[in-house]
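sequence? don't have it. structure:
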């Protein structure tokens, strides 16, 4: 698990640019830092060493002939038997690292056959001097991030927007108006956009091919999920087991919910009970799941540590926003960052329950939106009227059914977005990437939207950024692609139940209470109103003018300040939107200060 970056340029790139890129990557890789190349082509790497921590396994890594290089972030699992095949064909391995497996596999198979054989989470760049090509690839589910920028005929890439931004000259650092509106709509910027017009985010299950001679850049999709017959429980156990392999201490993130409880259960069933579990605690809050998690851990024989989340965050607000890389406004990012900080003091790898809600339709918003599925593509030709207050019902009726799903967990309603930007229309009502498949069943249509957007660019982005900010690697057993394919083979009535996830009863340890599926689903929700009344309150003064300046006039100062006054006058449900504006303010301010 690491931070990667680099560039392939025709111009001579100043040394300070590479140094600034490395500086941005440093928190992701506290154990080693290296660079290779020259003023035109450079590969950068900051390492968090999990497998084979010896210096021999550091990166950038090169093949024996010195003509193929790799920088890589992630973990690939279950590769040893394929490595034995490579050895039998004459390959010589010098490390125990999956990095070298990817390098040797590319030499033997090429990029397409290599990607077929990789099982896990990854983002990597391969520079092949033999055919003057470079490849950038991202894993199937989107667990690892990868962004890139095309500046003229040059290409730069990195794990973070902030690692690519130093490569951009001043004239290429303009903010994307569509991305700003997308952030207001969704609380994040969906791929392939980032907040900058010249920086793109590579979608999950895609790779880029860059011809260093012609400078042609080609993007290809290399995987589509397809149903595969087999035992999903055996696949889950295998997924959990292979994700415990590490040369550094490993723990488990355990809440009171179903998904992380299932992960812990499968560990216990396989007699792996030495791993410590960690739980976020919110004492005095009805959102506090630490007592339930403590009972679960005790029943399974797993040690448990509760980590109290601070009640105030004003002292850490700027640091957390910086860790989120670009504007990103999931309120649960803040407790996630604190949890990762404390956990990283004891372990360097954690198992997490990410992905369960997307696989088994666990979100409450799904059932709510399915009630209106009959209208399909029907919509009313209602005009957009900029307004300070809501207007979600009118917006829903003006959108087709699938697009209106975005309003179930949006940031600002379309009328509010138009009001804040002082514009009579919007560039788009929804900025999501279209699903990779077009299922017929309404529920599966919504899940396809989530798999293309919410899972890789919201849930998994948050997990990666909050953990890697502290040099902590998070692994998600539910997102093993072979497990996903076996779950897709199941009949809908088995996979989608009321209450959700009843299929997972078979994965629960029998010592646990069986009423877990009937319990009320709790979010990972922080005390937003207390934050906004406390240390963050001082940031509200002058917010409108700052956002207008930082957004080059896209947000209107008077509209932003009016929205804040409306909240302060008692509109408590707007707390998340006010926090969203504060995050945008701090994030854009930080990004504007990245050195040229």
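Happy to help now that I have it. As the structure is a computational prediction, the values presented were derived from the model and not from experiment.

quick one: the helices in the stretch 201-350 of the chain?
Under the criterion DSSP state H, counting those that start in this stretch, helices of the stretch 201-350 of the chain are mapped to 232-242, 258-269, 290-300, 317-323, 333-343.

and of those, who's closest to residue 499?
Smallest distance to residue 499 across the helices of the stretch 201-350 of the chain (Cβ to Cβ): 9.5 Å, for helix 258-269. Bear in mind the C-beta positions are built from the backbone N, C-alpha and C, glycine included.

now do that closest one against helix 290-300: the angle between them, please.
Here the directions of helix 258-269 and helix 290-300 differ by 20 degrees (axes from the mean of the first three to the mean of the last three Cα atoms, to 10 degrees).

chain center to helix 258-269: distance?
When C-alpha coordinates are averaged (Cα atoms, centre = their mean, to the nearest Å), helix 258-269 and its chain have centres 22 Å apart.

ranges for the helices of the stretch 351-500 of the chain?
Under DSSP H, counting those that start in this stretch, the stretch 351-500 of the chain gives helices at 356-360, 364-370, 392-398, 401-404, 414-420, 442-449, 460-468, 481-488, 492-495.

the ones you listed: lowest mean pLDDT?
Lowest mean pLDDT within these: helix 392-398, a mean of 90.

helices and strands around that one, which ones?
Applying 3 or more Cβ pairs under 8 Å, 6 or more residues apart in numbering; DSSP states H and E, we find helix 392-398 packed against helix 414-420.

list the buried ones in the helix it packs on?
414-420 (16 or more other Cβ atoms under 10 Å).

distance to residue 525 for these - can I get that in CSV?
Shown next, in CSV, are those (distance: Cβ to Cβ, whole Å):
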residue, distance to residue 525
414, 25
415, 25
416, 21
417, 24
418, 28
419, 26
420, 24
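
quick one: which of the residues you listed is nearest residue 92?
Nearest to residue 92 among these, counting by Cβ to Cβ, is residue 417 at 57.6 Å.

surely the closest one meets residue 184?
Yes: in this structure residue 417 lies within contact range of residue 184 using Cβ atoms under 8 Å: 4.7 Å.

which residues touch residue 524?
Contact analysis of residue 524 by Cβ atoms under 8 Å, 6 or more residues apart in numbering lists 255, 280, 287, 332, 335-336.

try 6 Å this time
Contacts were defined as Cβ atoms under 6 Å, 6 or more residues apart in numbering; by that measure residue 524 touches residue 332.

which of the three states applies to it?
Here residue 524 is recorded as coil under DSSP: H, G, I helix; E, B strand; the rest coil.

also residue 35?
strand.

and it, how many neighbours does it have?
Neighbour count of residue 35, defined by other Cβ atoms under 10 Å: 18.

nearest residue to it in space, please, no chain neighbours.
Spatial nearest neighbour of residue 35, chain neighbours left out: residue 44 (4.9 Å); criterion: Cβ to Cβ, 6 or more residues apart in numbering.

pretty sure the one you found sits in a strand.
Yes: with three-state DSSP as the criterion, residue 44 is part of a strand.

contacting residues for it?
Counting by Cβ under 6 Å, 6+ apart, residue 44 touches 5-6, 21-22, 35.

bridged to residue 7, which residues?
Assessed by DSSP bridges, residue 7 has beta-bridge partners residue 42, residue 156.

residues near it, how many?
Residue 7: 27 neighbours (other Cβ under 10 Å).

likewise for residue 150?
So residue 150, with other Cβ under 10 Å, has 16 neighbours.

look up the closest residue to it, ignoring the ones flanking it.
Here the residue nearest residue 150, using Cβ to Cβ, 6+ apart, is residue 217, at 6.3 Å.

pretty sure that neighbour sits against residue 210.
Yes: using Cβ atoms under 6 Å, residue 217 makes contact with residue 210 at a distance of 5.2 Å.

neighbour-wise, which of those two wins?
Comparing residue 217 with residue 210 by neighbour count (other Cβ under 10 Å), the higher total belongs to residue 210, at 21 against 15.

give me phi/psi at residue 127?
phi -110, psi 120 (degrees, to the nearest 10).

that should have said residue 389, apologies.
Torsion angles, degrees, to the nearest 10, at residue 389: phi -110, psi 130.

got a list of what it touches?
Contacts of residue 389 by Cβ under 6 Å, 6+ apart: none found.

if I look at it, how far off is residue 22?
Computed with Cβ to Cβ, to the nearest Å, the distance linking residue 389 and residue 22 is 47 Å.

try residue 227
From residue 227 to residue 22 the distance is 43 Å (Cβ to Cβ).

who has more neighbours out of those two?
Neighbour count, other Cβ under 10 Å: between residue 227 and residue 22, residue 22 has more, with 22 against 11.

give the helix, strand or coil label for that one.
helix.

mind listing what it touches?
Here residue 22 is in contact with residue 44 (Cβ under 6 Å, 6+ apart).

tell me the bridge partners for the closest residue to residue 254 other than its chain neighbours.
Nearest residue to residue 254, sequence neighbours excluded (Cβ to Cβ, 6+ apart): residue 277, at 4.0 Å. Residue 277 has these beta-bridge partners by DSSP bridges: residue 252, residue 304.
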